[in-house]
Structure formats: structure tokens, C-alpha cells
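Peer 1: generate coordinates for the sequence data below:
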Amino acid sequence: MADPTVPLRVGIADDALLLREGISKVLEGGGIEVVASVGTGQELLDVIDELDLDAAVLDIRMPPSFRDEGIVALEQMRANGSKIGVLLLSMYATPEYALRVMGAGSGTGYLLKERVSEPQTLVRAIETVASGGSVVDPEVVEQLVHRTRADDPLSRLTERERSVLELMAQGYSNGGIAQTLFLGLKTVETHVRSILQKLDLEESPEHHRRVLAVLTLLGER
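Peer 2: From the prediction side, this is the model:
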């Protein structure tokens, strides 16, 4: 886990120079150190070990095929044993992409590129994935949270618990959820415990259980 007293070190991979510069400006304004800015996922993979990164921000569609290079880079990082936080950016709210990203485990996130214009959202997302948490763009959450299935485990949750789970998916800590929903911290902790129990998530590290809860929200365990 990143030391909160030391600025996070982040690398950016996006083929659009202006967007890279915009992301850098937002992150640096939030006290984050941008130590690499490259145009492809492979370029970031080539330098990731020597840069001692805490997190990486990658566009999903980059050269050479402009399909899913960012996700492929994420999957390669995890295959190589890297546990740095990884935030994927996309022009579109694509549930299939979100599932692949979250399926890579803890310390991953999926946001729409429009969030670059929301400095606090982008900075919080980087801090969340760097600390091992997960982030899913609220637009993707909105698309999926109200789906109904005959065996939908989310049907066990109360309306308040669903609201808490939606904010968990967006990367909010228990404290952040408490502030957003105007609840006491202990009340939120009780809701989170209830959510994890109702979704039949076995005992495991807290970050991992929260990621599994988000995957349940997205429709895949």
C-alpha cells in the first residue's frame, strides 16, 4: 500500500497527447507525481519496473489496433506479478470492458474519459486503485444496477444497501459513503457487513471482498 506521506508516482499511457497533458495537469494539481507519459500500453510496460510506479492510467483503445490495448496491458501487468493500481479510461460506458477490468482483481478501475474534467473524481480514483481498492464509473453502475434476473443476488439487498454498494463500486471508502449518504460511519460499516453476508462472500481481505461485491453488482462473480 502506498505511503500517504509520499506523493503517488503515476504513469500515463494514451495516444492522444493533449489528453495525456490534461490528465497530468489534473493529477499534479491533486498532489500526484506523473513520472511517465507515453503513447502506448507497451511503452508503459517497457518502463514500469524501473519507474517504481504506484499506479498507471491507460486509455483502453490505443495503437496498434485501437481495440483493447489498455486492458491487455493491465492483464499483462497482473500476469507479470505487478500489483500497482491501474485505472482504465474509455470514451464509452461498456459493461464488457468494465467486467474485464474488474476481473483483473483488486487495485483496478474503469472510468469514462469525461471524468478528466472532474479533478476530484479522477484524483480520488487514482488514490483508490493505488491503495488496492476498485472504481467503476457511475454511468456503468447506473446501467447495470437495476437489471433484474431470476437468480439476482442483489434482490436480497435493501434499497439503502444498494445505494451503499453503488458508492462502493465508485471507489468510495466507508467514510466517503457516510458523508455522501449522510449516515454515521458505524451505520455504513453495518450496511457493508450486511451486503457482503447477503452476497455470500466468504471471509477474505476487505479490499478483495469489496471487489467481489462490485463484480456481483456488474453481474459476474
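Peer 1: you'd agree Val10 is in a strand?
Peer 2: Yes: assessed with DSSP: H, G, I helix; E, B strand; the rest coil, Val10 lies in a strand.
Peer 1: quick check: closest non-adjacent residue to it.
Peer 2: Closest residue in space to Val10, ignoring its immediate chain neighbours: Ala55 at 4.9 Å, by C-beta to C-beta, 6 or more residues apart in numbering. The way it works is simple: take the backbone N, C-alpha and C, and place the C-beta from them, glycine included.
Peer 1: how close does the most centrally placed residue in the chain sit to Val211?
Peer 2: In the chain, the centroid-proximal residue (C-alpha atoms, centre = their mean) is Gly109; its distance is 1.8 Å. According to C-beta to C-beta, to the nearest Å, Gly109 and Val211 sit 11 Å apart.
Peer 1: who touches both of these two?
Peer 2: When contacts are counted by C-beta atoms under 8 Å, 6 or more residues apart in numbering, the set common to Gly109 and Val211 consists of Ser134.
Peer 1: domain parsing of the chain, as residue ranges.
Peer 2: 9-136, 141-220 (automatic domain parsing).
Peer 1: ok, of those, where does mean pLDDT dip lowest?
Peer 2: Among the domains of the chain, domain 141-220 has the lowest mean pLDDT, at a mean of 80.
Peer 1: which of the domains of the chain sits most buried?
Peer 2: Stretch with highest mean neighbour count among the domains of the chain: domain 9-136 (a mean of 19; mean count of other C-beta atoms under 10 Å).
Peer 1: still on that earlier bit, quick one, phi/psi of the residue nearest to Val10?
Peer 2: Phi and psi for Ala55, reported as degrees, to the nearest 10, are phi -160, psi 160.
Peer 1: for it, give me its contacts.
Peer 2: Contacts of Ala55 (C-beta under 8 Å, 6+ apart): 8-11, 84-87, 126, 129-130.
Peer 1: quick check: the residue nearest to the centre of the chain is in a strand.
Peer 2: Yes: the assignment for Gly109 is a strand, going by three-state DSSP.
Peer 1: no further queries at this time; thank you.
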